[in-house]
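A.B. asks: Below is the sequence, then the predicted model.
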Protein chains: 2
Amino acid sequence: MSPARTARALARETITREILDSARARLGTDGAAALSLRAVARDVEMVSSAVYRYFPSRDALLTALLIEAYGELGHAAESADAGVTDRSDTAARWLATFRAVRRWCVAHPGEFGLLYGTPVPGYAAPRDTVDPATRVVRVLVRIVGDAYAAGARPPVVPAAAATTGTVAPALAFIAEHGLMAEPDLSDDELPEVVRRALMAWTALFGVLSFELFGHLVGSVTDPEAWLDQVALRLAADLGIQA
Amino acid sequence: MSPARTARALARETITREILDSARARLGTDGAAALSLRAVARDVEMVSSAVYRYFPSRDALLTALLIEAYGELGHAAESADAGVTDRSDTAARWLATFRAVRRWCVAHPGEFGLLYGTPVPGYAAPRDTVDPATRVVRVLVRIVGDAYAAGARPPVVPAAAATTGTVAPALAFIAEHGLMAEPDLSDDELPEVVRRALMAWTALFGVLSFELFGHLVGSVTDPEAWLDQVALRLAADLGIQA
DNA sequence: ACACAAACGAGAGCAGCGCTCTTGCCAAGG
DNA sequence: CCTTGGCAAGAGCGCTGCTCTCGTTTGTGT
């Protein structure tokens, strides 16, 4: 892809990396909305206008950070799930994924704010970011699907089934992206699996957002243990067990 | 409290109200982080420095907006719960509260971003905001507590009870704030009620945050119906029913 | 009724921001 | 060798939050 590694190309690569690293560092201290291109320019000891040789605008820099962060978070979730050798132990895969997602988010609060916080006013995420953004929920769908395929079911069939006939949210999701690896599910089970996994991902995100944005300061003393409790509660409500 | 309603005090009240309204309008269009004091000054046709007569800083203006928004959201939740005449129909109270919270958040996305989005970099919410911020979860705690007191229980007692011995999150919450109205619960049930309600509030927030911040665009077609499904699912998992 | 103090609006000014444009330098390729 | 193009630097535009000063208006105690 780059056969002619000229000195100029190499320098460009290095400086681009430096800019991204400085931007991510400032993301953690100042927040995404207040990310100052001039500040990162000072960090890498350049004049602000010189940075525009590498990123045409502040939004382009944000997009690069966005894609990088989504990739890291998705990779953390996927490798955590893949790290459980006993693939039938869906409960262990579930908990490992939850913990890995939290670990990355807690380690990178600035990037978390960029990904899931208030959208930057004038900025709209390009199409390139929607696919890496769905990697975490795809892992959860896969785990729930595996558990369902292995016979796991929620403890009770609730009365909520009455509403599934009127509306079918979360179905365009699975229709558009082929994110199921387990075809051993009936047409009735598949939407329910997707719905449940999406709800669980939403709940996981809610816990992390509350923790990282400081909404649990007075109520939860140990956020790590709290997330474990939420993960186990969701797993129990989904019928996932070893 | 103010027997001498001088013309100046009246004018101050009116102009303060105008500033707050303009700020809330700009909150919806520009976002909380980009809220410009100069812009609201132009809206109310004043010089920027004149606004400082009413709010000593941009942070103080944000705090005023924060308290006002928390109050409105809390009032929406409380009045929705109180609007259900049959107090024993905890399922109806549950759903009404969820819908009211969503209605307010969807109607005020800018305020939602201020309350629950990325924290404004240099800004730290003062102590005055923690109490109004807990009004929604207090409503949920009360509903779950009423349901439990009436005999409702989760369908299964899950294995997650093993972890409750090691850590006790969400207990300082109920210890510090006296937010229970139902004393008909044992010492074992009380923490579980608080935990469950806090998890439900977290899940509700996650759904709203995903919807308002645009993370459901490709996956959920009807957010209103989706929130109903989540509410019913949570109620079923909690054992809440009419 | 008068005077003093507080509150107020307006304006200038400071430092910082994103971004654009121009200028001059230096490496890469024909 | 010499032209092309990437590169850093600087000036400049309009914007931001905030501070200070100035002259005016308003409320109040004597």
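C.D. replies: That came through fine. Numbers count the residues shown, from 1 in each chain, chains lettered A, B, ... in the order given.
A.B. asks: Measure how the helix or strand encompassing A:Pro191 sits relative to helix B:189-212, angle-wise.
C.D. replies: According to DSSP states H and E, A:Pro191 maps onto helix A:189-212. Angle of helix A:189-212 versus helix B:189-212, following axes from the mean of the first three to the mean of the last three Cα atoms, to 10 degrees, is 100 degrees.
A.B. asks: Quick check: buried residues in helix A:189-212?
C.D. replies: For helix A:189-212, burial by neighbour count (16 or more other Cβ atoms under 10 Å in any protein chain shown) applies to A:190-212. Where you see a C-beta, it was placed from the backbone N, CA and C, and this is true even at glycine.
A.B. asks: Skipping its backbone neighbours, what lies nearest A:Val120 in space?
C.D. replies: Excluding the flanking residues, the one nearest A:Val120 by Cβ to Cβ, 6 or more residues apart in numbering or on different chains is A:Ala33, at 5.6 Å.
A.B. asks: For the helix holding A:Pro191, which helices and strands make contact with it?
C.D. replies: Helix A:189-212 sits against helix A:90-107, helix A:109-116, helix A:135-149, helix A:171-176, helix A:223-238, helix B:189-212, helix B:223-238, with contacts defined as 3 or more Cβ pairs under 8 Å, 6 or more residues apart in numbering or on different chains; DSSP states H and E.
A.B. asks: could I get these as TSV with mean pLDDT and distance to DNA strand C?
C.D. replies: Below are these laid out as TSV (pLDDT from 0 to 100; distance: least, Cβ to the nearest atom of the strand, whole Å):
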stretch	mean pLDDT	distance to DNA strand C
helix A:90-107	98	24
helix A:109-116	92	14
helix A:135-149	91	28
helix A:171-176	51	31
helix A:223-238	93	31
helix B:189-212	91	24
helix B:223-238	93	31
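A.B. asks: and of those, who's closest to B:Ile67?
C.D. replies: B:Ile67 lies closest to helix B:189-212 among the helices and strands packed on helix A:189-212, at 18.9 Å (Cβ to Cβ).
A.B. asks: between the closest one and helix B:223-238, how many degrees?
C.D. replies: Angle of helix B:189-212 versus helix B:223-238, following the same axes, to 10 degrees, is 160 degrees.
A.B. asks: Using CSV, list the CA coordinates for helix B:189-212.
C.D. replies: Coordinates of each C-alpha in helix B:189-212 appear next as CSV, following Å, rounded to 0.1, in the frame of the first residue of the first chain:
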residue,chain,number,x,y,z
GLU,B,189,-36.5,-5.7,50.8
LEU,B,190,-35.7,-2.1,51.0
PRO,B,191,-32.2,-2.2,49.4
GLU,B,192,-33.5,-4.4,46.7
VAL,B,193,-36.3,-2.0,45.9
VAL,B,194,-33.8,0.9,45.7
ARG,B,195,-31.4,-1.2,43.5
ARG,B,196,-34.1,-2.2,41.1
ALA,B,197,-35.5,1.2,40.8
LEU,B,198,-32.1,2.7,40.2
MET,B,199,-31.4,0.2,37.5
ALA,B,200,-34.8,1.0,35.9
TRP,B,201,-34.0,4.7,36.0
THR,B,202,-30.6,4.0,34.5
ALA,B,203,-32.2,2.0,31.7
LEU,B,204,-34.8,4.7,31.1
PHE,B,205,-32.1,7.3,30.9
GLY,B,206,-30.1,5.1,28.5
VAL,B,207,-33.1,4.8,26.1
LEU,B,208,-33.7,8.5,26.2
SER,B,209,-30.0,9.4,25.7
PHE,B,210,-29.7,7.0,22.8
GLU,B,211,-32.8,8.5,21.2
LEU,B,212,-32.0,12.1,21.7
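A.B. asks: what about it, distance to the chain center?
C.D. replies: 11 Å (Cα atoms, centre = their mean, to the nearest Å).
A.B. asks: quick one, it and helix B:135-149 angle?
C.D. replies: Orientation of helix B:189-212 against helix B:135-149 (the same axes, to 10 degrees) gives an angle of 130 degrees.
A.B. asks: Distance check, whatever residue of chain A ends up closest to DNA strand D against A:Val120.
C.D. replies: Ranked by Cβ to the nearest atom of the strand, the top residue of chain A for proximity to DNA strand D is A:Ser49, at 2.9 Å. According to Cβ to Cβ, to the nearest Å, A:Ser49 and A:Val120 sit 22 Å apart.
A.B. asks: Can you pick out the residue with more neighbours from these two?
C.D. replies: A direct count of neighbours by other Cβ atoms under 10 Å in any protein chain shown for A:Ser49 and A:Val120 places A:Val120 higher, at 21 against 10.
A.B. asks: wait, what's in contact with A:Leu73?
C.D. replies: With contacts taken as Cβ atoms under 8 Å, 6 or more residues apart in numbering or on different chains, A:Leu73 has the following neighbours: A:101, A:104-105, A:111, A:115, A:135-136.
A.B. asks: With respect to chain B, which of those residues is nearest?
C.D. replies: Nearest to chain B, judged by Cβ to the nearest Cβ, of these is A:Leu115 at 9.0 Å.
A.B. asks: measure the nearest residue to the closest one once chain neighbours are set aside to chain B for me?
C.D. replies: Spatial nearest neighbour of A:Leu115, chain neighbours left out: A:Ala69 (5.5 Å); criterion: Cβ to Cβ, 6+ apart. A:Ala69 sits 14 Å away from chain B, taking Cβ to the nearest Cβ, to the nearest Å as the criterion.
A.B. asks: how about A:Ala69, what does it touch?
C.D. replies: A:Ala69 neighbours (Cβ under 8 Å, 6+ apart): A:108, A:111-112, A:114-115.
A.B. asks: That one: which element?
C.D. replies: Using DSSP H and E, the element containing A:Ala69 is helix A:58-82.
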